[in-house]
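[1] return a 3D structure for these sequence lines:
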Amino acid sequence: MGSCRFMYQNEITDASLITVSSLLYGTIGGVFAEQLGSATVQNGGVYSGNIDRQFVVEIDSVAGGKEVGQATFKWSDTGGVTWNETGVLTQTDPYLMSYGVTVKFTTGSGDDFELEDRWSWICSNNYGTQKLIDLDREYWYQSRSLDNPNTITVDLGSAKNIKACEIFDHNFSSVAVITLMANDADSWGSPSYSRVLTWNDEKIGVYLDETYRYWRLQVSNQTNPDGYIRVGELYLGSYMELSRNFELGRGQKTVASESSQRSKAGIERRELNYLQEVFGITFKDLVENDITLLLAMFKQLKSVSQRKSLPFFFNVDCENPNDTFLVHIEKELDRSNIRQYLDLYDVSMTLTEVSKSSA
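    Predicted coordinates:
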């Protein structure tokens, strides 16, 4: 058995670093109006964005008149933080903004507009590329179609040393050809690094030691019965390995979350919500550098500035990279310096798997 490994430093830090061959369309929310004029605004189109965005339309001039076709507007897809265009003439035909979203105006009774009349709405994509790195197993990236092949391309901005890759909560069928590629340029005809990964149900892990800026996961799976490709989490980064492995005889239990109802006749019916693994592990005789590494990880995952407790990937046995779980480290990192004259520490921790209720 190999050592356990901890993976919590994903080099994919933002959805803007990711480009995919196809993306399931998102949804366009209802319009919220803040206006004095009588015109109505209707949004439409097909939202092709990969992250949630707030669109804002605001009348920026009524110098030419207060009616549709006279007043002008500005619009934003960043909630008004920045403006994509200004001085656009109001019109009754759909006007194409960004990511396939349109807006049109319908005249009302009285003046259609007053200066700074404003309309806003949210466009969301529960299956966009941000779901690849959100560490939430209830959501995932989903392609719009089965491409030939499907690709997920990552631009890390500069060459980064990648030692671990995790593909989590995927739906690839067993006949899929899954290839991890890397290159110095965004060119994939003959990449510098290319490795066909062995299929495994739901999660695939692999260790490597390669330094490149551009990375690509390529999946050829045109017979997938779902009709699309799904990936819950994608990790490209480093791993932490301590000088000693946990003790043999570690505790591991499978916990079933259930809800039940009992009829008046006393008949109990139970419903299973989810299953999760819980690990209780102890390390003996760790050196001070191990404690430094563990504390650094603990403080990053228990982020005071973000007021968040973040999960990470725990590989039980590095000789089997697929034996990996997305877990939370519980509230205590218990360490004892019981052999002070040797500067050796015993450390115990509890790791609880992040549950998934979705199919």
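
[2] list the contacts of the residue of the chain most remote from its centre.
    Each residue of the chain has a distance to the centre, and by C-alpha atoms, centre = their mean the biggest one is for G110: 47.5 Å. By C-beta atoms under 8 Å, 6 or more residues apart in numbering, G110 lies in contact with G37, S38. (C-beta placed from N, C-alpha, C; glycine too.)

[3] that one is in what secondary structure piece?
    Using DSSP states H and E, G110 maps to neither a helix nor a strand.

[4] V278 and T352: what is the separation?
    Using C-beta to C-beta, to the nearest Å, V278 is found at 5 Å from T352.

[5] tell me the contacts of S260?
    E268, R269, R270, E271.

[6] L234: which of these is nearest?
    L234 has its nearest neighbour among the contacts of S260 in E271, at 31.9 Å by C-beta to C-beta.

[7] out of everything not next to it in sequence, what's closest to that closest one?
    Distances taken as C-beta to C-beta, 6 or more residues apart in numbering place S259 nearest to E271, at 5.2 Å, with adjacent residues excluded.

[8] re earlier: which among the contacts of S260 count as buried?
    Buried subset of these (neighbour count, 16 or more other C-beta atoms under 10 Å): empty, as none qualifies.

[9] just for this protein, where's the confidence low?
    Where the chain drops to pLDDT under 70, the residues are 248-250, 338-341, 358-359.

[10] go with 80
    Per-residue confidence for the chain (pLDDT under 80) gives these ranges: 1, 247-250, 256-260, 262-266, 268, 270-274, 332, 334-335, 337-342, 357-359.

[11] what ranges do the helices span in it?
    Assigned by DSSP state H, the chain shows helices spanning 288-301.

[12] who touches the residue nearest to E271 in this structure?
    Counting by C-beta under 8 Å, 6+ apart, the residues that S259 touches are R270, E271, N273.

[13] tell me which of the residues you listed is nearest to K356?
    Among those, N273 lies closest to K356 (C-beta to C-beta), at 10.5 Å.

[14] which residue packs closest to that closest one, ignoring adjacent ones?
    Excluding the flanking residues, the one nearest N273 by C-beta to C-beta, 6+ apart is S257, at 4.3 Å.

[15] any idea how far A182 is from the closest residue to L89 other than its chain neighbours?
    Distances taken as C-beta to C-beta, 6+ apart place T72 nearest to L89, at 5.6 Å, with adjacent residues excluded. For T72, the distance to A182 equals 48 Å [C-beta to C-beta].
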